[in-house]
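>>> just to be clear, the model below is a prediction. Sequence and coordinates:
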Amino acid sequence: MMLLDRFMAWLGYVPLTPRPLPRIHNGADAVARGMRYDSFYNEEDGLRDMITSLRQDYFQKMGELKPNDLDGLRALGMADRIAREIERKVQSVIETGRIRGNERHVRDVASIR
């Protein structure tokens, strides 16, 4: 959303509705998608480091809570579980890309014979 749109909505001239952002369509190639995820996941300060720092922050906040603050402990535990699930999904995309790449390689080798 552009700054001008926000300003006009603040003045009441236009309703505040978010514009859909254009998405990059890279096809359904699992190998290319896995390689993209792998490069972003393993780069310095990439996705792996972001998820790890989030989980560390959650645990540090858990240590600061009082023992009888069950709602806070439950919320931070759920946040950590969600971070682990995101990491699992990313690793699943990476592994699927590797498997499809190996299958493609085996097909190429078999077609040569």
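Looks like it came in fine.
>>> any idea how many residues pack against residue 29?
For residue 29, the neighbour count with other Cβ atoms under 10 Å is 13. (C-beta placed from N, C-alpha, C; glycine too.)
>>> same check, this time on residue 34
Neighbourhood size, residue 34 [other Cβ under 10 Å]: 21.
>>> what about it, helix or strand, and which?
Assigned by DSSP states H and E, residue 34 belongs to helix 30-42.
>>> and after that helix, which helix or strand comes next?
Counting by DSSP H and E, the element after helix 30-42 in chain order, helix or strand, is helix 47-64.
>>> coming back round to it: relative to helix 47-64, how tilted is the helix holding residue 34?
In terms of direction (axes from the mean of the first three to the mean of the last three Cα atoms, to 10 degrees), helix 30-42 departs from helix 47-64 by 50 degrees.
>>> and helix 30-42, what does it pack against?
Judged by 3 or more Cβ pairs under 8 Å, 6 or more residues apart in numbering; DSSP states H and E, the packing partners of helix 30-42 are helix 47-64, helix 70-112.
>>> ok, which of those comes nearest residue 33?
Closest to residue 33 of these is helix 70-112 (Cβ to Cβ; 5.9 Å).
>>> and the closest one with helix 30-42, angle?
In terms of direction (the same axes, to 10 degrees), helix 70-112 departs from helix 30-42 by 140 degrees.
>>> quick one on the thing from earlier: and the helix holding residue 34, what's its mean pLDDT?
Mean pLDDT, helix 30-42: 91.
>>> contacts for that helix, please.
When contacts are defined by Cβ atoms under 8 Å, 6 or more residues apart in numbering, helix 30-42 is touched by residues 26, 46-48, 90-91, 93-98, 100-101, 104.
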